[in-house]
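> quick one: sequence plus predicted model below, questions after.
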Amino acid sequence: MVYNKDMSKIVVSGLKPSGKLHIGNYLGAIKQLVELQKKDYKRFYFIADYHALTTKYNPSEKRVEIFNMAVDALAAGIDPKKSILFIQSHIPTHNNLAWLLGTVTSSGQLGRMIEYKEKIKSGQVPNAGLLNYPILMAADILIYDADFVPVGEDQRQHLELTRDIANAFNNNFGETFQLPKALHNATPRVMSLSDPTKKMSKSTPNGCLFLSDPPKVVEKKIMSAKTDSQTSISFDPKKRPGISNLLSIYSGISGRSIEKLVKEFKGKGYAEFKKSMAKEMNDFLKPLQMKRKKLLADKKSVMKILEEGAKKAIPIAERKLAEVQKRAGLIPTPNDNRRLSGI
């Protein structure tokens, strides 16, 4: 059943391309993926382009977003020598497995997904792709026999459903999938600079720190970030969400703990704190932006990295799919020597 010959633990994660990346995306996902490259894991990182198609979009703009997501991932530190990086739609096996998993998943389970209900409530058209989103996500994970999946709070329920789907298939057809576990990010949800009661989002650009923002824009956004009427620097997300959000972001980019930052700025005001944070943010973004510029100037190299990643992922995914198909009672493909077995 297990094709992981070297027995390294496997981590799988997808990055959905939906507009420009901001610091919340980095701290909430990419930073952890980069840090996981220091550990003895086998990593499958992919650009989740199919997952980005459940809302209305412009095809030419979406194509650019998909490519830029790969560029941003590489610029932020995803190393193709350490991780297998590819585009989801380049591995058709994901969708083949998703169909099979859909046969053991009830529509009731899908309709109870919190993210689905929230999107419908916000006015999004309830298309079948949006409803079936978690099944494809399960296939993305299970096709590589993932041991771990980095998730934020908003994806916890989807991973739980993935485990339920794997269990359902195992119960029906025999042990086929292992149950992936969550790797939780220690960084709390990054909130908007202009309204710290709401999640940072590209829909409110004034409160969003984009990774591509030039230094003067970064400084302006941070200096105008909402805090409160107090003057001391302290961390209390419930009573003081504004300054607490800034401390979380500052800690995330600097590597210094929130406690250390609070001590560092004891007796100092917001202006001095924000000025220091803006400088640190620009120092952090500068090398990332320089690397991004180089990658955009050499698009062929980026595509080659993605193609090489797909070449590595495809045979692994195909072996797993062949196992699943056989257990589900299907006849293997003509190039599979086992195709007549059991007939």
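Cool, the structure landed.

> the helices in the stretch 1-150 of the chain, which residues?
For the stretch 1-150 of the chain, helices defined by DSSP state H, counting those that start in this stretch occupy the ranges 23-25, 31-35, 59-75, 93-102, 107-111, 114-121, 128-142.

> so which of these comes closest to residue 48?
The closest approach between residue 48 and any of the helices of the stretch 1-150 of the chain, judged by CB to CB, belongs to helix 128-142 at 7.2 Å. Any C-beta I mention is one placed from the backbone N, CA and C, and that applies to glycine too.

> nearest to residue 325, out of the helices of the stretch 1-150 of the chain?
Comparing these against residue 325 with CB to CB, the closest turns out to be helix 93-102 (7.4 Å).

> how much does that closest one deviate in direction from helix 128-142?
Orientation check (axes from the mean of the first three to the mean of the last three CA atoms, to 10 degrees): helix 93-102 against helix 128-142 gives 110 degrees.

> I would like the residues contacting helix 93-102, please.
By CB atoms under 8 Å, 6 or more residues apart in numbering, the list of residues contacting helix 93-102 from outside reads 50, 88, 132, 135-136, 138-140, 142-143, 165, 169, 314, 317-318, 320-321, 324-325, 328.

> out of those, which are buried?
When neighbours are counted using 16 or more other CB atoms under 10 Å, the contacts of helix 93-102 contain these buried positions: 50, 88, 132, 135-136, 138-140, 142-143, 165, 169, 317-318, 320-321, 324-325.

> could the helices of the stretch 1-150 of the chain go into CSV alongside distance to residue 204?
Putting the helices of the stretch 1-150 of the chain into CSV (distance: least, CB to CB, whole Å) gives the following:
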stretch, distance to residue 204
helix 23-25, 12
helix 31-35, 22
helix 59-75, 19
helix 93-102, 33
helix 107-111, 30
helix 114-121, 17
helix 128-142, 23
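
> find the nearest non-adjacent residue to residue 109, please.
Leaving aside its sequence neighbours, residue 109 sits nearest to residue 161 (CB to CB, 6 or more residues apart in numbering; 6.2 Å).

> what does residue 219 give?
residue 278 (4.3 Å).

> ok, now which ones touch the one you found?
With the criterion set at CB under 8 Å, 6+ apart, residue 278 makes contact with 218, 219, 222, 223.

> got the angle for the helix or strand containing it vs helix 59-75?
For residue 278, the enclosing helix or strand under DSSP states H and E is helix 270-296. Using the same axes, to 10 degrees, the interaxial angle of helix 270-296 with respect to helix 59-75 works out to 110 degrees.

> gap between the helix or strand where residue 220 lies and the chain center?
Per DSSP H and E, residue 220 falls inside helix 215-223. Between the centre of helix 215-223 and the centre of its chain there are 26 Å (CA atoms, centre = their mean, to the nearest Å).
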